[in-house]
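Q: make a model of this:
(one chain, ligands or ions: 1)
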Amino acid sequence: MLITGKEMLDVAKANKFAVPAFNAGSGQLLTAVMESAEEKQAPFIMAIHPLELEFLRDSFISQVIYECNHTKVPIAIHLDHGATIEQVIHAIKLGFTSVMIDSSHLSFEENIKTTKKVVEIAHAEGVSVEAELGTIGDTGNTVEGGVSEVIYTDPDVAEEFVSRTNIDSLAIAIGTAHGIYPKDIKPQLRLDILEEISKATEIPLVLHGGSSNPDREVMESIRLGIAKINISSDIKISFTNKLREILNGDNLEIREPNVIFPDCIVEARKTANHKFDIFNTTNKAKCFSLNYSEKLLGELV
Ligand SMILES: [Zn+2]
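A: Numbering: from 1, shown residues only. Alright, predicted model coming up:
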């Protein structure tokens, strides 16, 4: 079932769970997260970064839409880190139901200006918008990128940003970084900042760079208002670790994709299953069908 980002995250916020946004940047990873979502009866967001879209080609989105139309599990298709208005319009034309415009590197006023414009365009098409305030770190080796030093989101201006732009969800910087942290760096989430932003704003909050943060910290962030957590590296690492093992094995003749990839899919699926469990998303598909029946009942009455 294909739904918008807003429909997804409003239900998540109201029911105190977070939806994983998986950057499943290949057909095999799409299979892994689809199978995991079906098994766990859990909604998820299919996140696609512009660089991933360029690699996958536009036709990949038709495949994702097909999958959404053939499952009861709610799914939103989301443009991750849209950098320009052109990229956003392209995504909307392809059938994305949610877009992110990331102008976080611009000044506060410029960020508002670009974001507002994207909201006007996207909302006219019924597409939801996520924007970012503050900057998310980067550990290297990711498509998402980021900055080497995190600028924490200022809770004092978060509400102003939300009300002036009319966005549907807000990505905040509370100390996470894209990718996997080097061994000598322990990620420390500033949950105090999250708490302040959560109090000041009404809309669902988004955590980027959610891979390799301790489970208990992530679970606490959900309690404090995080409704979407971006997971890219963790599913890709499970997949490629298995792939490396298979290709480095004794069978030098191994070449058929349908022989090589199934075990890699199983590994990525295990990671996705774990994320659904710790994000409290498992079995939450029913929250959406309930909403729908209630709405329908309301209309009939
Ligand atoms: Zn990100």
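
Q: burial of the residue in the stretch 151-300 of the chain that the ion sits nearest to, as a residue count?
A: Ranking the residues of the stretch 151-300 of the chain by distance to the ion (Cβ to the ion) places residue 208 first, at 3.3 Å. Bear in mind the C-beta positions are built from the backbone N, C-alpha and C, glycine included. The number of residues packed near residue 208 is 29, by other Cβ atoms under 10 Å.

Q: next one: residue 93
A: Neighbours of residue 93 using other Cβ under 10 Å come to 11.

Q: ramachandran angles for it?
A: Dihedral pair for residue 93: phi -70, psi -30, per degrees, to the nearest 10.

Q: residues contacting it?
A: Applying Cβ atoms under 8 Å, 6 or more residues apart in numbering to residue 93 gives no contacts.

Q: just the pLDDT at it, thanks.
A: As predicted, residue 93 sits at a pLDDT of 98.

Q: how close does it sit to the ion?
A: Computed as Cβ to the ion, to the nearest Å, the residue 93 to the ion distance reads 23 Å.

Q: in the stretch 151-300 of the chain, which spans are helices?
A: 155-165, 191-200, 215-223, 233-247, 257-278, 285-300 (DSSP state H, counting those that start in this stretch).

Q: any chance of these in JSON lines, plus mean pLDDT, distance to residue 69 and mean neighbour count?
A: Output for the helices of the stretch 151-300 of the chain, formatted as JSON lines (pLDDT from 0 to 100; distance: least, Cβ to Cβ, whole Å; neighbours: other Cβ atoms under 10 Å):
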{"stretch": "helix 155-165", "mean pLDDT": "96", "distance to residue 69": "31", "mean neighbour count": "17"}
{"stretch": "helix 191-200", "mean pLDDT": "96", "distance to residue 69": "35", "mean neighbour count": "18"}
{"stretch": "helix 215-223", "mean pLDDT": "92", "distance to residue 69": "29", "mean neighbour count": "16"}
{"stretch": "helix 233-247", "mean pLDDT": "97", "distance to residue 69": "23", "mean neighbour count": "18"}
{"stretch": "helix 257-278", "mean pLDDT": "98", "distance to residue 69": "21", "mean neighbour count": "18"}
{"stretch": "helix 285-300", "mean pLDDT": "67", "distance to residue 69": "15", "mean neighbour count": "12"}
